[in-house]
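*Asks:* Sequence plus the predicted model coming up.
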Amino acid sequence: MPPSATALPLAFRRVGWSNLFAQFSEQIALAAAPLAAVLLLAAGPAETGWLQTAQTLPFLLLAIPVGLAVDRASRRMLMIGSEALRALSLGITVILLAAQAMTLPALALLGFAGAIGTVCYSIAAPALVPSLVPRDRLGAANRVLELARSAAYAGGPALGGAIVGWTGAPVAYVLATILSILAALLLAGLPQERPREASPRDLLADLRDGMRFIARHDLLRPILVTAIFFNTAWFVLQAVYAAYAVQSLGLGAAEVGLTLGIYGIGMIAGAWAAPAFGRRLPLGAVIVLGPLSGFVASCVMLLTLRVPSIHLVGLSFFLFGAGPMLWSITTMTVRQAVTPAGMLGRVSALIVTATFGARPIGAAIGALTAARFGVGACLFVAAGGFLIQLLVILASQVPKLRELPAA
């Protein structure tokens, strides 16, 4: 974590380190899964697309129930349980790979189980942070979390791809399992949360309140719609990238991991640059840089159809990481600032459901498009989605923001 993290409370720093290990575990596994499918199970673009669908489907199916639980149950215990579940699924994957008994359906099922843990962690963590960090330090805390995620996105895929290429998939999954266990142990050291009063309202009433709050909010509504189109387009691309890189661009497993690692390097660059952008630009302008960077990156990726260059791929992934990282930090801070504390769980759940839930939809679109029209058509579909998300945010009130809005 960066030096600024030392100015934050000790309990938050435990969450920060746990987040780093959990993110590395997830990214190593996500990089290893499609490579194992292509190299060991002879999967093509359509099959890797369906694998991505399975690994992201829990965000669509479970985010809302988890968010409602986050507003009622111990966020600390939910996060510990989520990491334990992820570690279990990764451990079973190791056993099946080592025994040469892995099949594509089994890989998809275990990826689905691991993603359940990711859903719980992703929703509970932003809801837990405001209880650990003063309001005026939320931006710094979110930056620390996003820097950890950036480091994982940079190192995880590169490390996972290199391990798969050099020693095989089982070793990559062993490392991911160990990291997930460490993440759970760090969370276990957090202090017990102060009990919250049980809500007299029913779950559906809470859910309707959260939906109305987002739908009526001039900032959260366009941010949500933009994120939906971004994630859909991103996973249209992600669904076919491993197969496209290996079979069309001629990249090996280590090179695929390297290009995905460049995505993480872009995220790190965006996270480190966030304070400088924040000092020099209005908040709304910093937010818009994310969708703009995503659209430009998709156009660069389109060029690889004519010029199959690993350098263009690397540039595209760098832009995909840098701009959207600015988006992640700023929009999460806006959400935490404008949402009442008692609604953070359900509002986060609805946003995760809509945005992360768009991932399996995007992956399925990628799989179907690749099967019917070829992988090139997927790149055009993705670029169209990135154009839409840019137009949505530009037409909203968000670009007019000068500073963090009042609660």
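*Replies:* Looks like it came in fine. Residues are numbered from 1 along each chain as shown.
*Asks:* Find the nearest non-adjacent residue to the residue positioned nearest the centre of the chain, please.
*Replies:* Nearest to the mean C-alpha position of the chain, counting by C-alpha atoms, centre = their mean, stands residue 356 at 7.6 Å. Excluding its sequence neighbours, the residue lying closest to residue 356 (C-beta to C-beta, 6 or more residues apart in numbering) is residue 59, at 3.4 Å. From N, CA and C alone the C-beta is placed, and that goes for glycine too.
*Asks:* and the helix or strand hosting that neighbour, how far from the chain's centre?
*Replies:* Using DSSP states H and E, residue 59 sits within helix 45-70. In terms of C-alpha atoms, centre = their mean, to the nearest Å, the centre of helix 45-70 is set 12 Å apart from its chain centre.
*Asks:* Against which helices or strands is that helix packed?
*Replies:* helix 10-41, helix 75-98, helix 104-132, helix 203-216, helix 220-247, helix 344-356, helix 358-373 (3 or more C-beta pairs under 8 Å, 6 or more residues apart in numbering; DSSP states H and E).
*Asks:* outside of the helix or strand bottoming out on mean pLDDT in the chain, which residues touch it?
*Replies:* Taking mean pLDDT, DSSP states H and E as the measure, the chain has helix 344-356 as its least confident helix or strand, at a mean of 73. When contacts are defined by C-beta atoms under 8 Å, 6 or more residues apart in numbering, helix 344-356 is touched by residues 56, 59-60, 63-72, 75, 119, 122-124, 126-127, 130, 206-207, 209-211, 213-214, 220, 224, 227-228, 230-231, 335-336, 339.
*Asks:* And these, which of them are buried?
*Replies:* 56, 59-60, 63-64, 66-71, 75, 119, 122-124, 126-127, 130, 206-207, 209-210, 213-214, 220, 224, 227-228, 230-231, 335-336, 339 (16 or more other C-beta atoms under 10 Å).
*Asks:* Show the contacting residues for residue 84.
*Replies:* By C-beta under 8 Å, 6+ apart, residue 84 lies in contact with 117, 184.
*Asks:* For it, give its distance to residue 90.
*Replies:* Per C-beta to C-beta, to the nearest Å, residue 84 is found 11 Å from residue 90.
*Asks:* for residue 126, same thing?
*Replies:* 24 Å.
*Asks:* picking that back up, the helix holding residue 59 vs helix 203-216, what angle?
*Replies:* 110 degrees (axes from the mean of the first three to the mean of the last three C-alpha atoms, to 10 degrees).
*Asks:* okay, the angle between helix 45-70 and helix 75-98?
*Replies:* Using the same axes, to 10 degrees: helix 45-70 against helix 75-98 is 150 degrees.
*Asks:* what residue ranges in the chain score low on pLDDT?
*Replies:* Residue ranges of the chain with pLDDT under 70: 1-6, 154, 193-203, 345, 349, 406-407.
*Asks:* phi, psi of residue 101?
*Replies:* phi -110, psi 10 (degrees, to the nearest 10).
*Asks:* To residue 159, which of the helices and strands packed on helix 45-70 lies closest?
*Replies:* For those, proximity to residue 159 was assessed by C-beta to C-beta; helix 10-41 is nearest, at 6.0 Å.
*Asks:* Flag every buried residue along that closest one.
*Replies:* Residues of helix 10-41 classed as buried under the neighbour-count rule (16+ other C-beta under 10 Å) are 11-40.
*Asks:* Ok, stretch 242-252 next?
*Replies:* 242-246, 248-249, 251.
*Asks:* Just put these in a markdown table and tack on distance to residue 303.
*Replies:* Converted to a markdown table, those look like this (distance: C-beta to C-beta, whole Å):
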| residue | distance to residue 303 |
| --- | --- |
| 242 | 19 |
| 243 | 19 |
| 244 | 14 |
| 245 | 15 |
| 246 | 19 |
| 248 | 14 |
| 249 | 12 |
| 251 | 16 |
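*Asks:* which one of those residues sits closest to residue 360?
*Replies:* Using C-beta to C-beta, residue 242 comes nearest to residue 360 of the buried residues of stretch 242-252, at 16.7 Å.
*Asks:* isn't the closest one right up against residue 51?
*Replies:* No. Judged on C-beta atoms under 8 Å, residue 242 makes no contact with residue 51 at a distance of 9.2 Å.
*Asks:* ok so, going back, ok, the residue nearest to the centre of the chain to residue 58 distance?
*Replies:* Look at residue 356 and residue 58: by C-beta to C-beta, they are 9 Å apart.
*Asks:* Same check on residue 83?
*Replies:* In this view, residue 83 and residue 58 are 15 Å apart by C-beta to C-beta.
*Asks:* Of these two, which one has the most company?
*Replies:* residue 83 (27 against 24; other C-beta atoms under 10 Å).
*Asks:* nearest spatial neighbour of the more buried one, skipping sequence neighbours?
*Replies:* Counting by C-beta to C-beta, 6+ apart, residue 184 is the residue found nearest to residue 83 once chain neighbours are left out, at 3.7 Å.
*Asks:* The one you found: what's it in contact with?
*Replies:* Contacts of residue 184 (C-beta under 8 Å, 6+ apart): 18, 80, 83-84, 87.
*Asks:* Which of these sits closest to residue 280?
*Replies:* residue 18 (32.7 Å).
*Asks:* Can you tell me the element the nearest residue to that closest one once chain neighbours are set aside falls in?
*Replies:* Once flanking residues are discounted, residue 18 sits nearest to residue 186: 3.9 Å by C-beta to C-beta, 6+ apart. Residue 186 is part of helix 169-188, with elements assigned from DSSP H and E.
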